[in-house]
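In: mind looking at a prediction? Sequence and model below.
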Amino acid sequence: YDGTMTHLSNWENSFLFLNNTERRKREDIIEFVSIHSVLISSLSSFLKSSLDETGINLKKSGDTNESGDQPNSAEGDADEGNITVENYAQIVATCLEIGRSLHHLGVCLGRRQREYNDKKTGDNVAQGGEDSNSSTDDILSTIVPLEINAYRDALQAYKSAIYILSSAEKNIVTLSEIDKSPLNQTRGQDSLRNQSNAPMHFQGERNGADDELHQIRDAKITVELHLADTLTCLGYCHDSKLSEYDKSLKAYRESLSLYIRHVGRFHRMVSNTLHNMGNIHAELKQWSEASSCYRQSLAILKRKEEQERSTWLQSKRNETGDISPESLDPHAFVSSMNEDIAFTLQCLGSSLAEVGEFDVSIACFQESIERMKKDDDNVNPE
């Protein structure tokens, strides 16, 4: 996840370092947005030119598909004859690095917007509520569309990489099936009789093809996880920054499917995504759907908490000998999940109250209060 194109990273860091020296004199938000716009445009153009020979036609980042969401960047028009076992790895590596860089640029834009908004709020309070520079605010309003374009272009890069990997996988499987056909095996055996080292060489080619398939399938998992991360960021933008809830839910559902497929149903990212979906359903006053998402998220968090508790108990046994859970102070263990569980319980309690399940709602709030007290006791024992 930290991998970015080194020269781009250095370029951005040098720019930030230069502008940090002037930060007390002026605000660099205009230059910051400008350079990110250039980087995103350049990377998108580089991706398109890199894929031209494969026949994959990328849509512009502003285009949308029929559902109104991000475009599908790698569908059907590619000439699979241009994607071979010799060149696919380099093309995929290029797509992956461009996708990571675009994702990173989107994250940087989102971070800078939050920092600027926090600074603006503080300045307004200090100035008695006076508005800040309107020209800077105009530039700031372009950040969210630019951030979304960065994520969409990253999705194009990842989807192109997945398409190319799938094409290479298909080619290798086809070649392997041809090699294993009875006619080719007979021909191969006739030619191998005249080569003393041929049997080992013939078997080695088959093993090499199997290794290649294994590497391709592992690479697809890696790219799809990057794709899921970018979908999550895109969903957050549509949700929290634009209130485009349908688009946000679509992005979250896609990322949820990928996370469950590759890291399992009980992973923390699955819980986070379900919680985000619950927030959107609550915003839309779809309380039953919100409750369902929060319940699933809560179940994963509590499962993680129990795993942490088991690890903690084992460490205590190793320190003090065989002890029973009953002999321990129940407040001695505080899970790293405790705060998230308390917050999810509040959300679940609110949703359940809206559908008339008041007893369960009250129980959720009571448990949330107890958990927050535990956090306070852990921070301030006195």
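Out: All right, it came through fine.
In: can you pull the alpha-carbon coordinates of stretch 333-343 into CSV?
Out: Taking Å, rounded to 0.1, in the frame of the first residue of the first chain, the C-alpha atoms of stretch 333-343 are listed here in CSV:
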residue,chain,number,x,y,z
PHE,A,333,-8.4,-6.0,29.9
VAL,A,334,-9.4,-3.3,27.5
SER,A,335,-9.6,-4.3,23.9
SER,A,336,-8.3,-2.0,21.1
MET,A,337,-11.8,-2.6,19.6
ASN,A,338,-13.5,-1.1,22.7
GLU,A,339,-14.0,2.4,21.4
ASP,A,340,-15.2,1.2,18.0
ILE,A,341,-17.6,-1.2,19.6
ALA,A,342,-19.0,1.5,21.9
PHE,A,343,-19.6,3.8,18.9
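In: buried stuff in that stretch?
Out: Buried residues in stretch 333-343, counting neighbours by 16 or more other C-beta atoms under 10 Å, are found at 333, 334, 335, 337, 338, 340, 341, 342. Every C-beta, even on glycine, is put in place using the N, C-alpha and C of the backbone.
In: now these in CSV, with secondary structure?
Out: CSV is the format used below for the buried residues of stretch 333-343 (DSSP: H, G, I helix; E, B strand; the rest coil):
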residue, secondary structure
333, coil
334, coil
335, coil
337, coil
338, helix
340, helix
341, helix
342, helix
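In: in CSV: these, plus pLDDT and distance to residue 90.
Out: Converted to CSV, the buried residues of stretch 333-343 look like this (pLDDT from 0 to 100; distance: C-beta to C-beta, whole Å):
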residue, pLDDT, distance to residue 90
333, 78, 50
334, 81, 49
335, 85, 45
337, 91, 42
338, 92, 47
340, 95, 42
341, 96, 46
342, 96, 49
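In: of all these, which comes closest to residue 101?
Out: residue 340 (30.5 Å; C-beta to C-beta).
In: which non-adjacent residue is nearest that closest one?
Out: Spatially, and ignoring its direct neighbours in sequence, residue 340 is nearest to residue 301 (5.7 Å; C-beta to C-beta, 6 or more residues apart in numbering).
In: what's the burial count for the one you found?
Out: Residues near residue 301, counting by other C-beta atoms under 10 Å, number 25.
In: buried stuff in the helix or strand hosting residue 260?
Out: For residue 260, the element it lies in under DSSP states H and E is helix 245-263. Residues of helix 245-263 classed as buried by neighbour count (16+ other C-beta under 10 Å): 245, 247-252, 254-256, 258-260.
In: lowest average confidence, helix or strand, in the protein?
Out: None of the helices or strands of the chain scores lower by mean pLDDT, DSSP states H and E than helix 182-192, at a mean of 50.
In: hang on, the earlier thing: which one of the buried residues of helix 245-263 is nearest to residue 44?
Out: Using C-beta to C-beta, those come closest to residue 44 at residue 251, 19.2 Å.
In: thought residue 242 was touching that closest one, still the case?
Out: No - in this structure, residue 251 is not within contact of residue 242 by C-beta atoms under 8 Å, at 11.9 Å.
In: quick check: the residue nearest to residue 340 touching residue 342?
Out: No - contact criterion C-beta under 8 Å: residue 301 and residue 342 do not qualify, at 9.9 Å.
In: so where's the stretch 201-350 of the chain shaky on pLDDT?
Out: 201-208, 321-332 (pLDDT under 70).
In: quick one, helices of it?
Out: 245-263, 268-283, 287-320, 338-354 (DSSP state H, counting those that start in this stretch).
In: which helices and strands does the last one pack with?
Out: Of the remaining helices and strands, those touching helix 338-354 by 3 or more C-beta pairs under 8 Å, 6 or more residues apart in numbering; DSSP states H and E are helix 268-283, helix 287-320, helix 358-379.
In: what do you get for the third one?
Out: Contact analysis of helix 287-320 by 3+ C-beta pairs under 8 Å, 6+ apart lists helix 268-283, helix 338-354 as its packing neighbours.
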